[in-house]
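Visitor: model the following, please.
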Amino acid sequence: MGTVLLTLGLAAAVAIAGTVVVRTIRELIESRLGSVEERFDRRLSEVHEGFDRRLEGLDGRLLSSQQTAGQTATQIVDRLSKLDGTAAQMLQKAADLGRLEQALRPPKARGGVGEMLLANLLRDMLPTDAYRLQYTFRSGERVDAVIRVDKLLPVDAKFPLDNFERLANAEGDDERELHEKAFGRDVKGHIDAIASKYIRPAEGTFDFAFMYLPSEAVYYELVCGKTGNLSAYAHGKRVIAVSPGTLHAYLLMVTQGLRALQIERHAQEVMAFCAQIGKDFDRFRGDFEVVGKHIANAQTKYSEADRRLERLGTSLERATEWEPEAVEAADAQELPRALDAA
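Guide: Below you'll find the model as predicted:
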């Protein structure tokens, strides 16, 4: 009986102790869970705040990107509109070039354009007295221009465009060879005409002339193309083919030559002026020597007169110091002779 009661007491004590332990563990767990929950809430709040800040930054960047994209789109639209205007201008210029090409079809019109370009180049590079347009020889032949450099340098503009265009647009070798021969005939005809009409040393020209080609492409074909060695043919005829670029270089050299001639003429004028100054100086030196002689003679005469005046003054002083009653008759007779001697 006592054992049973002891067992029951122990069981009750164990039960009470277990209840206390469970309550204690529960309180501990709850306190721990509360602190964990608090830290979790705080951490969650920090995460939310960071996420909100990042969202705000992202919104700002997105807004800035949208604004930049809008500005870029506006600029693209503006540039596209400008490109449209430029394209329209290019189309207009292409149309103008097409009309110019049609206008240059007649050979006479091409010749007029070449003469105009030549005149503009000469006017821009040379003084007005260094060249002359549409110069006429005694035979009646008229060259487009002559350049005055000690002698006359004839310059004639030629524009062999028709067969050159056919040559440039040829599709096959046979067609190209055909147009090369035609282009070579055209150029040789121009070379022969210039050589026979405008190279006239008897009328004051050089023994060569310039053939001005307004197109660099035509000039390149003549000099470097496979057209029967036209450059050598022109040199044999004393005709020098020039393009706008090469004629510009030649004119620069002509300008330097003209300056050298001006300096030489000016130097001759200076030498003549110096020679005249030398003659004037010689005349002045002769006149100066004559004046010096006159001055020397005057100085001599002045010295002589000064001495005579001094002697006369001395005699007059002596005469004023004499006593009239003390003057003897002999002395009175000698006084005029003393005055004459003075």
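Visitor: Asp207: what secondary structure?
Guide: coil (DSSP: H, G, I helix; E, B strand; the rest coil).
Visitor: repeat for Lys301
Guide: helix.
Visitor: kindly report the same for Arg132.
Guide: Assignment for Arg132 (three-state DSSP): strand.
Visitor: got phi/psi on the nearest residue to it once chain neighbours are set aside?
Guide: Nearest non-adjacent residue to Arg132, counting by Cβ to Cβ, 6 or more residues apart in numbering: Val146, 5.4 Å away. Where C-beta positions appear, they are placed from N, C-alpha and C, glycine not excepted. In terms of degrees, to the nearest 10, the main-chain angles of Val146 are phi -130, psi 140.
Visitor: also Asp144?
Guide: Torsion angles, degrees, to the nearest 10, at Asp144: phi -60, psi -40.
Visitor: count the residues that sit near it.
Guide: By the criterion of other Cβ atoms under 10 Å, Asp144 has 22 neighbours.
Visitor: wait, isn't it in contact with Leu121?
Guide: No: Asp144 lies out of contact with Leu121 (Cβ atoms under 8 Å); the separation is 11.4 Å.
Visitor: ok so Met90 is a helix residue?
Guide: Yes: assessed by three-state DSSP, Met90 belongs to a helix.
Visitor: separation between it and Ser215?
Guide: Counting by Cβ to Cβ, to the nearest Å, the gap from Met90 to Ser215 is 21 Å.
Visitor: same check on Gly278?
Guide: 58 Å.
Visitor: those two: who's more crowded?
Guide: The neighbour count for Gly278 versus Ser215, taken as other Cβ under 10 Å, is higher for Ser215 (18 against 10).
Visitor: show me this structure divided up by domain.
Guide: 103-242, 266-342 (automatic domain parsing).
Visitor: deepest of the ones you listed, which one?
Guide: Greatest average neighbour count among the domains of the chain goes to domain 103-242 (a mean of 17), per mean count of other Cβ atoms under 10 Å.
Visitor: figure out how far it is from the centre of its chain.
Guide: Its chain's C-alpha centre and that of domain 103-242 lie 29 Å apart, by Cα atoms, centre = their mean, to the nearest Å.
Visitor: which one of the domains of the chain has the lowest average pLDDT?
Guide: Note on the domains of the chain: domain 266-342 shows the lowest mean pLDDT, a mean of 71.
Visitor: and that domain, how far out from the chain middle?
Guide: Worked out by Cα atoms, centre = their mean, domain 266-342 lies 74 Å from the chain centre.
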